[in-house]
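A.B. asks: Sharing a model that was predicted from the sequence below.
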Amino acid sequence: MDENKLAVIIYKTTNSPSDAIKAMLESLNMPQGFLPTANIVGGINRWRAYNEAMKANDAKYKIYIDDNIVILNQNILIDLIEIFKS
């Protein structure tokens, strides 16, 4: 398990382009010293897709979202890491 890795696992529910999702994530402020990764998964069973992505990723911190969300807080990843560490 990589202590300095942050995985954002995105469940693709719409026909929105993957590039738009990745661009939104790249616009977020990253926690210092962390290596972010984005995994886009899909399929009929959301929970199975999430579970497979979780097992395939060695990041200590994993965040699960849908592709149709809009993140307004540019510091959300920093805030979440602080919460996870406390």
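C.D. replies: Right, received. Where do you want to start?
A.B. asks: Okay, and Ala23 sits in which element?
C.D. replies: helix 18-26 (DSSP states H and E).
A.B. asks: what's next to that helix, contact-wise?
C.D. replies: Helix 18-26 is contacted by residues 8, 10, 12, 36, 38, 40, 67, 70-71 when judged by Cβ atoms under 8 Å, 6 or more residues apart in numbering. The C-beta positions use only the backbone N, C-alpha and C, and glycine is treated the same way.
A.B. asks: Does the lengthiest strand in the chain pack against any helices or strands, and if so which?
C.D. replies: Criterion DSSP state E: the longest strand present in the chain is strand 2-11. The contact analysis (3 or more Cβ pairs under 8 Å, 6 or more residues apart in numbering; DSSP states H and E) places strand 2-11 against strand 35-41, helix 46-56, strand 59-66, helix 76-85.
A.B. asks: List the buried residues in the helix or strand bottoming out on mean pLDDT in the chain.
C.D. replies: When the helices and strands of the chain are scored by mean pLDDT, DSSP states H and E, helix 18-26 comes last with a mean of 81. Judged by neighbour count (16 or more other Cβ atoms under 10 Å), helix 18-26 contains these buried residues: 21, 24-25.
A.B. asks: From those, pick the one nearest Ile63.
C.D. replies: Closest approach to Ile63 among the buried residues of helix 18-26 (Cβ to Cβ): Leu25, at 10.0 Å.
A.B. asks: Which among the helices and strands packed on strand 2-11 is found nearest to Met1?
C.D. replies: Counting by Cβ to Cβ, Met1 lies closest to strand 59-66 out of these; the figure is 5.1 Å.
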